[in-house]
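Asks: Sequence first, then the predicted structure, then my questions.
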Amino acid sequence: MAHTEQTQLGCNRCGEPTLHTCVIRPMNHTPHLIVSLLLCGFWLPVWILLAMVHNPRSDPWRCSRCGQAAGTHTPEQEWELAVCRAEENVQQSIHDAERLAIRAEQRFTRVKRRAARRHRRRNSLSLFVKSVPGRVDFALRKIAGEENDIIYHFLRVSIVVAGAASIFGVAYLLTLVISKALT
Ligand SMILES: [Zn+2]
């Protein structure tokens with residue numbers, strides 16, 4: 001019937017190669033033979049199936065000194081392994097968080113740079129608009145000539161009047177168009 005085999009294997013508890021034993025449990029065919037005879041062979045398929053799934057080496061190799069199954073760890077070792085795995089997970093989480101932070105910072109820098117560019121563009125436009133009166137003034141002085149203040153002032157007044165008139169004209173035209181569209 002059942003017998004044992006022996007071999008030298010590394011034991012996790014003893015920390016060195018020790019003599020390991022394994023209980024070999026061959027299938028007991030006698031009861032199956034009796035039942036098959038009693039049932040006129042109707043038990044044969046069940047017997048064959050059971051014989052096919054039976055594993056005589058289902059028991060693990062065990063250390064003959066401490067009884068620890070080969071390839072398994074002591075509770076202390078399991079605990080240490082779990083701690084190691086947890087530490088690795090924490091390290092991985094920190095690494096992931098750092099990478100996310102770097103990416104967020106890069107995105108923030110990009111957005112900031114884009115906003116600065118937009119701001120510069122708007123500033124340059126407003127600078128240009130602010131410089132228009134100066135340019136017009138310069139042109140008027142050139143047209144009027146260096147010494148001719150009266151013509152220069154006259155040109156300035158006429159430009160203001162023309163500007164106001166054109167604004168009023170546009171407003172008047174707009175009201176005309178809107179009133180036409182509404183009626
Ligand atoms: Zn052992």
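Replies: Arrived safely, thanks for sending. These numbers were taken from a predicted model, which means no experiment stands behind them.

Asks: The nearest residue to residue 64 once chain neighbours are set aside and the ion, how far apart?
Replies: Nearest non-adjacent residue to residue 64, counting by Cβ to Cβ, 6 or more residues apart in numbering: residue 19, 4.5 Å away. From N, CA and C alone the C-beta is placed, and that goes for glycine too. Using Cβ to the ion, to the nearest Å, residue 19 is found at 9 Å from the ion.

Asks: Stretch 10-28: which residues count as buried?
Replies: Going by neighbour count (16 or more other Cβ atoms under 10 Å), the buried part of stretch 10-28 is 11, 13, 18, 20, 21, 22.

Asks: Just want to check the distance between the first one and the ion.
Replies: From residue 11 across to the ion, the span is 3 Å (Cβ to the ion).

Asks: Can you list phi and psi of that residue for me?
Replies: Per-residue torsions, residue 11: phi -100, psi 130 (degrees, to the nearest 10).

Asks: which residues sit in contact with the closest residue in space to it that isn't next to it in sequence?
Replies: Leaving aside its sequence neighbours, residue 11 sits nearest to residue 63 (Cβ to Cβ, 6+ apart; 4.2 Å). Applying Cβ atoms under 8 Å, 6 or more residues apart in numbering to residue 63 gives the contacts 9, 11, 13, 14, 18, 19, 20, 69, 70.

Asks: what about the helices in the chain?
Replies: In the chain, the segments counted as helices under DSSP state H are 30-38, 44-53, 75-144, 149-182.
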